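>>> Provided below are the primary sequence and the corresponding predicted coordinates.
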Amino acid sequence: MPPTETAVSPTTGLRVAYVMQNVGVDLAAEVGQMMLIRQTIQGLVQRGHTVDLLNLQGREVVAYADLADLARQRRVPLGVSGLRPYHLSEGGLRRLHGLLKLPYLAGFDSRRFYEACVRALPHYQICHEYAGLLSVGAAYASQKTNTPYVLTVDADLLLEAEVLDTPITGLRRQVARWAARKSYQLADQIVTVSTQTKENLVQNWGVAAAKINVIPNGVDVALFQQPVDTAVLRAELGLGDAPVLMFVGGFQMWHGLDKLLEALAAIRRTLPETRLLLVGDGPARPFVEQTIRRLNLERFVTITGFVPHARIPQLLAVADVVTVPYPQLPQEMWFSPLKLYEYMAASKAIVASAAGQIKNVIRHDENGLLVTPGDVAELAQACRHLLQNAAERQRLGCQAQHEAETEHGWSRQVERLERVYEAALRSR
């Protein structure tokens, strides 16, 4: 088991501006980046800090004091960008941009966010930004106001676009590279969710390793330890007493759900009653449904669609084996899957691809089983082995849960973040 860090009591009662320049973010979402942001802010508040989320909403910058009550909001004062002449010139230039099909470079957004942050940041001790493409307003405002600036880099967005086969090219790519470099340069401290992201920042962006801190995603452990009447839930889902495999998460092409379905087809040759519960939804759903039909698995796969996050622990309770079946990606996986820590907190037997941050968390045959990314035969064999061995499932699940409690709770991650804030404060 990895060593446990000694908890440190850092500076308390900080005033933190958590900022996001990118527009179009659903602040009420219960997936992806908003889960990380919400849990981080909630954890900071629970430890006595005051945190406001500043986000660009159209032509306004809005501050939210409580993400559980988005109606509690206030507009942050702007400068020139809040005046009607600026709006008129902006509207004309945006229309011209559209007619000429020029790339969107977020110049107006960055100016507006910069002006808002220059006025807001003197009321805070830390500016913590969740990095977005072309977002430089907060970085420059932090420099202007001499506010310690912490930047969370969840992923290299240019690299991510390439892996998703939607590369950013031309002038937009050049400006995005400049914006990223400038933000990295101005950041007093950088937080990443995986060692792979840190290595990419050091090797490909020239960021000093000393100011990069790896804080993986975490989990609300108590939420996943509530009692559930599994018999009632199994009946509700039509699962009966069948062995159940499960995947939780957004349906993306890089999640390997086609490999999981192929593994299910193989497993059913020896365990014909096995069912697969896919908890989630997403852009790859049509591909997933097509694969189900191709493999004649319609009667053995249930797709729940998106469900409230509070429902996930109940659904996990009926799973015998849970999976993280990522395929082989053209670049090393850079993210830190939330589902992995939720599986651990729920004391589940995990079968996961040995990719990216996963292989830093799961140790084969100690707290889960690792398989070669994209290898359907290995995936099927590992799942089959656990489905047939209740004692093994219990052993692996108990160890995973213990590590979730001691290493991966959000409270632990927030403690680590507080130490990052301390380092940022010392740098000014």
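Happy to help now that I have it.
>>> buried residues in stretch 213-220?
Neighbour-count burial for stretch 213-220, counted by 16 or more other CB atoms under 10 Å, picks out Asn213, Val214, Ile215, Pro216, Asn217, Gly218, Val219, Asp220. In short, each C-beta sits where N, CA and C put it, glycine included.
>>> repeat for stretch 389-398
Arg393, Leu396, Gly397.
>>> what's the answer for stretch 180-191, then?
Along stretch 180-191, these residues count as buried under the neighbour rule (16+ other CB under 10 Å): Ala180, Ser183, Tyr184, Leu186, Ala187, Asp188, Gln189, Ile190, Val191.
>>> same check on stretch 255-270?
Neighbour-count burial for stretch 255-270 [16+ other CB under 10 Å]: 255-268.
>>> and it, how far out from the chain's middle?
Here stretch 255-270 is found 26 Å from its chain centre; the criterion is CA atoms, centre = their mean, to the nearest Å.
>>> dump it to PDB, restricted to CA.
The C-alpha coordinates for stretch 255-270 follow below in PDB (Å, rounded to 0.1, in the frame of the first residue of the first chain):
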ATOM      1  CA  HIS A 255     -14.000   4.800 -23.100                       C
ATOM      2  CA  GLY A 256     -13.700   1.400 -24.800                       C
ATOM      3  CA  LEU A 257     -17.300   0.400 -24.400                       C
ATOM      4  CA  ASP A 258     -17.100  -1.600 -27.600                       C
ATOM      5  CA  LYS A 259     -14.300  -3.700 -26.100                       C
ATOM      6  CA  LEU A 260     -16.400  -4.200 -22.900                       C
ATOM      7  CA  LEU A 261     -19.400  -5.400 -25.000                       C
ATOM      8  CA  GLU A 262     -17.100  -7.800 -27.000                       C
ATOM      9  CA  ALA A 263     -15.800  -9.100 -23.600                       C
ATOM     10  CA  LEU A 264     -19.400  -9.600 -22.400                       C
ATOM     11  CA  ALA A 265     -20.100 -11.700 -25.500                       C
ATOM     12  CA  ALA A 266     -17.100 -13.900 -24.700                       C
ATOM     13  CA  ILE A 267     -18.000 -14.200 -21.000                       C
ATOM     14  CA  ARG A 268     -21.500 -15.300 -21.900                       C
ATOM     15  CA  ARG A 269     -20.100 -18.500 -23.500                       C
ATOM     16  CA  THR A 270     -19.300 -19.800 -20.100                       C
END
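>>> the buried residues of stretch 389-398 in helices, which ones?
Applying DSSP state H to those, the entries found in helices are Arg393, Leu396, Gly397.
>>> got CSV for those residues, with pLDDT too?
Listed next are these as CSV, based on pLDDT from 0 to 100:
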residue, pLDDT
Arg393, 98
Leu396, 98
Gly397, 98
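>>> how about the strands of this protein, start to end?
Listed in chain order, the strands of the chain (DSSP state E) span 15-20, 50-57, 60-64, 73-75, 126-130, 149-153, 189-192, 212-214, 244-248, 275-279, 301-305, 321-324, 349-353, 369-371.
>>> among those strands, which comes closest to Ala141?
strand 126-130 (7.4 Å; CB to CB).
>>> next, the angle from the closest one to strand 149-153.
20 degrees (axes from the mean of the first three to the mean of the last three CA atoms, to 10 degrees).
>>> for strand 126-130, what is the distance to the chain centroid?
17 Å.
>>> parallel or antiparallel, which strands does that strand pair with?
Paired strands of strand 126-130, with direction, are strand 15-20 (parallel), strand 149-153 (parallel) (DSSP bridges).
>>> show residues contacting the shortest one.
Counting by CB atoms under 8 Å, 6 or more residues apart in numbering, the neighbours of strand 149-153 from elsewhere in the structure are 36, 126-131, 138-139, 142-143, 183-184, 186-192, 197, 201, 420-421, 424.
>>> what of stretch 227-247?
Here stretch 227-247 makes contact (CB under 8 Å, 6+ apart) with 255, 257, 260, 264, 267, 271, 273-280, 302, 313-325, 339, 383, 387.
>>> worst-scoring helix or strand of the chain, pLDDT-wise?
helix 157-163 (a mean of 84; mean pLDDT, DSSP states H and E).
>>> please spell out which residues along that helix are buried.
Under the neighbour-count criterion of 16+ other CB under 10 Å, helix 157-163 has Leu157, Leu158, Leu159, Glu160, Ala161, Val163 buried.
>>> Gln388 reaches Asp320, doesn't it?
No: Gln388 lies out of contact with Asp320 (CB atoms under 8 Å); the separation is 10.0 Å.
>>> give the buried residues for stretch 45-60.
So for stretch 45-60, counting by 16+ other CB under 10 Å, buried means Val45, Arg47, His49, Val51, Asp52, Leu53, Leu54, Asn55, Leu56, Arg59.
>>> what two of those residues are the furthest from one another?
Largest separation among the buried residues of stretch 45-60 by CB to CB: Arg47 and Arg59, giving 34.6 Å.
>>> that older thread, pick the most deeply packed of the strands paired with strand 126-130.
Most buried of the strands paired with strand 126-130, by mean neighbour count (mean count of other CB atoms under 10 Å): strand 149-153, with a mean of 25.
>>> now Arg173: closest residue in space that isn't a chain neighbour?
Leu158 (6.8 Å; CB to CB, 6 or more residues apart in numbering).
>>> try Val118
Ala141 (4.7 Å).
>>> quickly list the domain ranges of this structure.
15-218+410-426, 221-407 (automatic domain parsing).
>>> end-to-end on the shortest one?
What that stands for is domain 221-407. Using CA to CA, to the nearest Å, one end of domain 221-407 lies 11 Å from the other.
>>> chain center to it, what's the gap?
Relative to its parent chain, domain 221-407 has a centroid offset of 18 Å by CA atoms, centre = their mean.
>>> residue boundaries of the helices in the stretch 1-150 of the chain?
Under the criterion DSSP state H, counting those that start in this stretch, the stretch 1-150 of the chain carries helices at the ranges 32-46, 84-100, 107-120, 137-145.
>>> tell me which of these sits nearest to Glu378.
Comparing the helices of the stretch 1-150 of the chain by CB to CB, helix 32-46 comes nearest, at 27.9 Å.
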